[in-house]
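Asker: Build me a model from this:
(2 chains)
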Amino acid sequence: EAGVAQSPRYKIIEKRQSVAFWCNPISGHATLYWYQQILGQGPKLLIQFQNNGVVDDSQLPKDRFSAERLKGVDSTLKIQPAKLEDSAVYLCASSLRLAGTGELFFGEGSRLTVL
Amino acid sequence: AQRVTQPEKLLSVFKGAPVELKCNYSYSGSPELFWYVQYSRQRLQLLLRHISRESIKGFTADLNKGETSFHLKKPFAQEEDSAMYYCALTNSGGYQKVTFGTGTKLQVIP
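Answerer: As a prediction, the model looks like this:
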């Protein structure tokens, strides 16, 4: 079974530039998550999709971050304009279950450095 | 609101010594608790979940609702256990929102 795919693995940009990250979840997984992991911290949920609908985006800085999941499969997370504090690893995860004790499967992450 | 606290950023133990990684949580309902692990250069992955009451790679974790804790234990540490460990909590109903702690780095000294 193919795992969660993310790209790019690494990205370096200057502040005020824009960047986009792509995620392809495991086939058949209805729930997709984007987490932000700043160095030394745990993953922080940015947005959660159920199929192509958003179920939680309460911690997404909507003035600069946006995400979509067209057709309920792969997803894109965009940052525009980027700030220094956006430097982090952006993790995508997917799960089979809508609720309960479903396991999250993570991608390798996209490491963003903002200069 | 759901919250997970891991008080130790780093835990160093000698090979063969017992390990206990602490996790406390805050949640008003009935939570589901997990431990995730990230080995060097690998992706974050599930280690164990409390509902399964399983032992994985010698690790166990017991949910103590009175103390709101879910500590991870292993009687004899191995070098290959060195990794980042994250405690996580999810709500038991509705959509599954998973909240992670800040993580503890376990360093097993040969």
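Asker: The residue most central in space within chain A in helix, strand or coil?
Answerer: The structure's chain A has its C-alpha centroid closest to residue A:34; by Cα atoms, centre = their mean the separation is 2.8 Å. Under DSSP: H, G, I helix; E, B strand; the rest coil, residue A:34 falls in the strand class.
Asker: Could you measure from it over to chain B?
Answerer: When Cβ to the nearest Cβ, to the nearest Å is the yardstick, residue A:34 and chain B sit 12 Å from each other. Heads up, the C-betas are built off the backbone N, CA and C, glycines and all.
Asker: try residue A:14
Answerer: 28 Å.
Asker: ok, so what distance separates the closest residue to the residue nearest to the centre of chain A other than its chain neighbours from chain B?
Answerer: Residue nearest to residue A:34 in three dimensions, not counting chain neighbours: residue A:46, with 4.6 Å by Cβ to Cβ, 6 or more residues apart in numbering or on different chains. Counting by Cβ to the nearest Cβ, the gap from residue A:46 to chain B is 12 Å.
Asker: got the contact list for the residue nearest to the centre of chain A?
Answerer: By Cβ atoms under 8 Å, 6 or more residues apart in numbering or on different chains, the residues touching residue A:34 are A:23, A:45-48, A:67, A:75, A:77, A:90-92.
Asker: Just the buried residues out of these, in ChimeraX syntax.
Answerer: The buried subset of these, as determined by 16 or more other Cβ atoms under 10 Å in any protein chain shown, is captured in ChimeraX by this line:
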select /A:23,45,46,47,48,67,75,77,90,91,92
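Asker: how about the residues of chain A that lie near chain B?
Answerer: A:3, A:31, A:33, A:35, A:40-45, A:48, A:50, A:55-56, A:91, A:93, A:95, A:97-109 (Cβ under 8 Å from any Cβ of the partner chain).
Asker: Of these, which belong to strands?
Answerer: Counted as lying in strands by DSSP state E, out of the residues of chain A next to chain B, are A:31, A:33, A:35, A:44-45, A:48, A:50, A:55-56, A:91, A:93, A:95, A:105-106.
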